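> What follows is a predicted structure for the sequence shown.
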Amino acid sequence: MIDLAPLWLTAELALITTVILLVVSVPLCYWLAFTKFKFKSVVEAIVSLPLVLPPSVLGFYLLVAFSPQNAFGEFLDQYFDVRLVFSFEGLIIASVIYSLPFMVHPIQAGLKNLPASLREASFTLGKSKFTTLTKILLPNIKSSILTGIVLTFAHTIGEFGVVLMIGGSIPNETRVASIAIYDEVQAMNYEAANLYAGILFVFTFLILLGVYLINNTFSKANPLNND
Amino acid sequence: MIKFYAHKTLQTADGKLPLDVSFSVEKGQFITIYGNSGAGKTTILRILAGLTDTEKSLIEVEGECWNNTDKKIILPIQKRSVGFVFQDYALFPNLTVRENLAFALQKGNDKNIVNELLELMELQSLQNSKPQHLSGGQKQRVALARAIVRKPKILLLDEPLSALDDEMRFKLQDYILKAHQHYQLTTILVSHHLPEIFKLSTHVILLNKGNIIKEGTPSFVFSEEKISSKFKLTGEIIAIEKSDVIYIVSVLSGSNIIKVIATEDEIMELKVGVKVLVASKAFNPMIQKIG
């Protein structure tokens, strides 16, 4: 029987990352979609970096930053007693950064594609930005939010390079499924590798299938497309 | 009383255009802003509602300062007592008709206003429908009702009827008048439609390339002054036919077609589609180009 711990760890990491990103991304997307800030493009470029940067580059810099031998890592170690290198917490932070564009892009596009008059109408009815966002804007971009959630979740499951650099392969701590597959192959234990790989393959396929099915029904029912 | 002054450089298809407008509106008036597209009509409404910023502006509504760029005062949109009816209606697709209206309620507002407006706009039977199931005219009524829920000091209507056919237009003009009178609103309408302007408004501001070129009562603004006449009506030419030495001009006014005799000199300026004023002075109806 294979060790199920890497699979659970992967699911846990993906879930926590998705929840954190959802909370962080909604205000960030609102700002990105509607700000007139001069250097908005710079922020957008930074958010999108993980899309094109090799995961090992990101992993390397995070490793350097989190290392207790450097200023930031030392600060965390001394004042908060937190070590982010080779720990599950470190993996979460790395995943949040690495999957950021997958949550931000769909939600930002969803907000931008809504007619500007919806937001303006809500303002002229005396509603704050927060009420407008939660009661009007977000309910009208449900399919974008769902896409963001699923892409983030699936992308975190598929993470390898960043995890390898910053987490290593500590059982029950940082040894997620993708790392476990690599380890098993290294140990010429193909059967276990095959099992992990097969489970990931089927699981991610089902997630994506679910999204497309739901989104297709959504877009048929989407009032904004019927006008 | 509304005092409005604004200066803003507009970016139009023909390059930059300075909008520089100053006017005042008495409480309870129904005024229309009329002008070619790109003259800055919608921008004026948006500035008043706080949706568009200006380079220089001074807006005072019933003694309350809304904009004063010299003192760097810009009242937030939410604090301005306006009802805005957008050209695309901007109904919230996730809410039903009733919820769209109820969304506009503020803390401490009497909730009965929602029922009252549903009744006034004859929307009771549609109150649980989502906006996407409504016709254009129905959406328009919902948008109008929603804009009035807060009992705003000013009602702003941005070409609200432009997407509707004539029959629907007439009906909705009545709804607008009803709401304007019932809630004693000060209403500012942007419209292109002359019969509508004559029917609804007491005062017209004629805007051209960012400046006010004429203002006053509709018949003053849209006619060459100084015709003393027994009757006047406006309409659009739908046909000009030659009959011996004279011409017969058919004018569509509202839903009536009026035939007017004109001489060759008189029809020089006229052609199908031109807006005209038909006035009778003593016995002869006279016909003239306007607008």
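Happy to help now that I have it. Note that the structure is predicted; figures quoted are calculated from it, not measured.
> Need the pLDDT of residue 26.
In the absence of a named chain, this looks at chain A. You'll see A:Val26 listed with a pLDDT of 96.
> Not quite, go with chain B.
Taking B:Glu26 on its own, its pLDDT is 92.
> Can you list phi and psi of it for me?
phi -80, psi 150 (degrees, to the nearest 10).
> which residues does it contact?
By C-beta atoms under 8 Å, 6 or more residues apart in numbering or on different chains, B:Glu26 lies in contact with B:Met1, B:Thr186. All C-beta atoms are positioned from the backbone trio N, CA, C, and that covers glycine.
> now with 7 Å?
Residues in contact with B:Glu26, defined by C-beta atoms under 7 Å, 6 or more residues apart in numbering or on different chains, are B:Met1.
> Also the one 4 residues further on?
Shown here is B:Phe30, whose contacts under the criterion C-beta under 7 Å, 6+ apart are B:His180, B:Thr187, B:Leu200, B:Ser201, B:Thr202.
> Provide the count of other residues in contact range of the fourth one.
The number of residues packed around B:Ser201, counting by other C-beta atoms under 10 Å in any protein chain shown, is 23.
> what about it, distance to B:Gln29?
8 Å (C-beta to C-beta, to the nearest Å).
> circling back to that earlier point, now, the contacts of B:Phe30 that are in strands?
Among these, the members falling in strands (DSSP state E) are B:Thr187.
> Return the members of the contacts of B:Phe30 classed as buried.
Listed as buried from those are B:His180, B:Thr187, B:Leu200, B:Ser201; burial here means 16 or more other C-beta atoms under 10 Å in any protein chain shown.
> quick one: is stretch B:59-72 near chain A?
No: Stretch B:59-72 does not reach chain A (C-beta under 7 Å from any C-beta of the partner chain); its nearest approach is 13.0 Å.
> Show residues contacting that stretch.
Contacts of stretch B:59-72 with the rest of the structure, by C-beta under 7 Å, 6+ apart, involve B:1-4, B:48, B:54, B:56-58, B:73-75, B:80, B:153-154.
> switch to 6 Å and redo it
B:Ile2, B:Lys3, B:Phe4, B:Lys56, B:Ser57, B:Leu58, B:Ile73, B:Ile74, B:Leu75, B:Arg80, B:Lys153 (C-beta atoms under 6 Å, 6 or more residues apart in numbering or on different chains).
> Take these and keep only those in strands.
Counting by DSSP E, the part of these found in strands is B:Ile2, B:Lys3, B:Phe4, B:Lys56, B:Ser57, B:Leu58, B:Ile73, B:Ile74.
> how close does the third one get to B:Gln184?
When distances are taken as C-beta to C-beta, B:Phe4 and B:Gln184 turn out to be 20 Å apart.
> Looking at those two, which one has more neighbours?
More neighbours surround B:Phe4 than the other of B:Phe4 and B:Gln184, with 21 against 9 (other C-beta under 10 Å).
> Any buried residues in the helix or strand hosting A:Ala65, and which?
Secondary structure from DSSP states H and E places A:Ala65 in helix A:55-66. Under the neighbour-count criterion of 16+ other C-beta under 10 Å, helix A:55-66 has A:Pro55, A:Leu58, A:Gly59, A:Leu62, A:Leu63, A:Ala65, A:Phe66 buried.
> just checking, what packs against that helix?
helix A:161-167 (3 or more C-beta pairs under 6 Å, 6 or more residues apart in numbering or on different chains; DSSP states H and E).
> Lovely, talk soon.
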